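Colleague: Show me how the following folds:
(one chain, ligands or ions: 2)
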Amino acid sequence: MATRTSPPVTLLVLGAAGDLTRRLLLPGLATLLGTERDRRVRVRGADRAQLSPAQWRARVEDAFSSVETPTAVTSRVVEDTDYVSADILDPDALSQLVGSCGEGPLVVFFALPPSVTMDCCELLARVDLPEVTRLALEKPFGTSRESARRFNGLLHRVVPEEQVFRIDHFLGVNTVLNLVGLRFANRLLQPVWDRDHIERVEIVYDEDLALEGRAGYYDGAGALRDMLQSHLLQVLALFAMESVATLDAEELQDQKAQVLRATHPWGRSPSRAARRARYTAGRLGRRRVPDYTAEKGVDPSRMTETLAQVTLGVETNRWAGVPFVLRSGKALGTARKEVVVTFREVAHLPEGFTGRPGPDRLVIGLKPGSMDLTMTMNAEGDPFDLEQKMLSAKLAPPRMQAYGEVLGQVLDGSRLLSVRADSAEECWRIVEPVLRAFGRGSVPMEEYAAGSDGPEGWQR
Ligand SMILES: NC(=O)C1=CN([C@@H]2O[C@H](COP(=O)(O)OP(=O)(O)OC[C@H]3O[C@@H](n4cnc5c(N)ncnc54)[C@H](OP(=O)(O)O)[C@@H]3O)[C@@H](O)[C@H]2O)C=CC1
Ligand SMILES: O=C1O[C@H](COP(=O)(O)O)[C@@H](O)[C@H](O)[C@H]1O
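Modeller: Ligands and ions are numbered 1, 2, ... in the order given. All right, here's what the predicted structure looks like:
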């Protein structure tokens, strides 16, 4: 971790006037700096928007105060920040911008539309960069395995892979990171984390938000690309990976990559393994939600799904035969963000017991953080009659926003919480057969009313 004596890192945000910078990046940075007070970061914003220095400083200040940052932290960043109004795709302007960042460590954060990011990288390949230059990129990392491969090739013309940080903010979510500690620090869980003991795993991220004005992005993506291809596959990789000897970034990356390489649609049949649906008009709490196809900016002919579920198999000795169900969607009645582990039944239940309420289950709540272990026992009444009881724990709120955790690693040059090139390609390889099945219509588009729990008949 950076200390007071570490040289300040320059965080150059390209696309600084955009939504990601305002809503996620700057607030995330604020929570990082509020938690790690010794860290020194100089923020430079660049965008084609014409902003005066005062307007930019006000934006930074607003973003920092949105997460209740200590005044001293905000003032230090605001006093030191500057803004350059430039077309990033103008080679001279880009070269000048980078040149003016000085010789210290530089993190270039691409908060630009994906196509602009790629064009900008083409230009950066011809620019003299400081020796320590790191590139931080937001999803999507390409739009297919092939385009991700080409994109990786392009990035490697700018800097080596060790200096590329593909951001997936789920990797900075405390409860997702907790999967590693939970699995490998508990004698109780470690030996049962395999096909012999686990029957089924569900990784669910149901949101009670609808489109929220994001049609420009979301209608071209859909739930499968937006959530499963990226975040939920990262969660699966952490859940299923082999043990690590240390929390070394490359070791973790290697283990995650091994899982992803072994992952395929269940039964290698994408059309049977996947389901998709789109919300119709309904209510989310007191808010009326229109039919997805009537949302502003949506093109119904795109057939974009707002709920996707895909069952995957991790074809390894540890996991063969265990279905991993990944599901995420918008406009659902209940926000359900959790990993559900269903254990196998015991091999033999002594005769004489009555009641057999079901298998043990561990529910790892991702947001809010919680842990619920449901076990069979005699909890009340007749001592030979079995019931289920839940042992529950609520986890403390995170110390900082997920973006803060991820950024902290990037600023330190650690790839612990980013997505490596090979994994980015594998994640596309895993979902591509499903995307093709969606494209040729072999997975029916089902419907669910906004505010419901999803289409009739989908298992929960
Ligand atoms: N917003 C979000 O919640 C999330 C976004 N992302 C990713 O983050 C990236 C940015 O997204 P987002 O912030 O929403 O996008 P925005 O369109 O809101 O912001 C992009 C900014 O880049 C500017 N820009 C575009 N081209 C140039 C150029 N040639 N020179 C200088 N500035 C330029 C845009 O200016 P102008 O407006 O004039 O075009 C805009 O201010 C995307 O890759 C997106 O996929 C990922 C996860 C969540
Ligand atoms: O990246 C994305 O993630 C959010 C969900 O993450 P959260 O941390 O905000 O809960 C999702 O709403 C969005 O569609 C997706 O692009």
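
Colleague: doesn't residue 12 make contact with residue 106?
Modeller: Yes. Checked against C-beta atoms under 8 Å, the pair residue 106 and residue 12 is within contact range at 6.3 Å. Backbone N, C-alpha and C define where each C-beta goes, glycine included.

Colleague: Identify the contacts common to these two.
Modeller: residue 98 (C-beta atoms under 8 Å, 6 or more residues apart in numbering).

Colleague: Check this protein for its longest helix and report it.
Modeller: helix 421-439 (DSSP state H).

Colleague: so how far is ligand 1 from residue 371?
Modeller: The span separating residue 371 from ligand 1 equals 28 Å under the rule C-beta to the nearest ligand atom, to the nearest Å.

Colleague: what does the protein have sitting close to ligand 1?
Modeller: With the criterion set to C-beta under 6 Å from any ligand atom, the chain comes near ligand 1 through 15, 17-20, 23-24, 47-49, 87-89, 111-114, 116, 138-139.

Colleague: what are the ranges of the helices in the stretch 251-400 of the chain?
Modeller: 270-273 (DSSP state H, counting those that start in this stretch).

Colleague: Okay, now the unreliable bits of it?
Modeller: Residue ranges of the stretch 251-400 of the chain with pLDDT under 70: none are present.

Colleague: how many other residues sit next to residue 37?
Modeller: 11 (other C-beta atoms under 10 Å).

Colleague: That one sits in which helix or strand?
Modeller: Using DSSP states H and E, residue 37 is not contained in any helix or strand.

Colleague: I'd say it and residue 77 touch.
Modeller: No. Using C-beta under 8 Å, residue 37 is not in contact with residue 77, being 12.0 Å away.

Colleague: For the chain, which residue gets nearest to ligand 1?
Modeller: residue 18 (2.0 Å; C-beta to the nearest ligand atom).

Colleague: Find the residue closest to that residue in space, skipping its chain neighbours.
Modeller: Distance criterion C-beta to C-beta, 6 or more residues apart in numbering; nearest residue to residue 18, sequence neighbours excluded, is residue 111 at 5.5 Å.

Colleague: That neighbour: neighbour count?
Modeller: For residue 111, using other C-beta under 10 Å, the count is 24.

Colleague: check contacts around it.
Modeller: Going by C-beta under 8 Å, 6+ apart, residue 111 touches 13, 14, 15, 16, 18, 20, 21, 25, 138.

Colleague: Quick check: the gap between the residue of the chain closest to ligand 1 and residue 345.
Modeller: 52 Å (C-beta to C-beta, to the nearest Å).

Colleague: Looking at these two, which one has more neighbours?
Modeller: Set residue 18 next to residue 345 and count neighbours by other C-beta under 10 Å: residue 18 wins out with 16 against 13.
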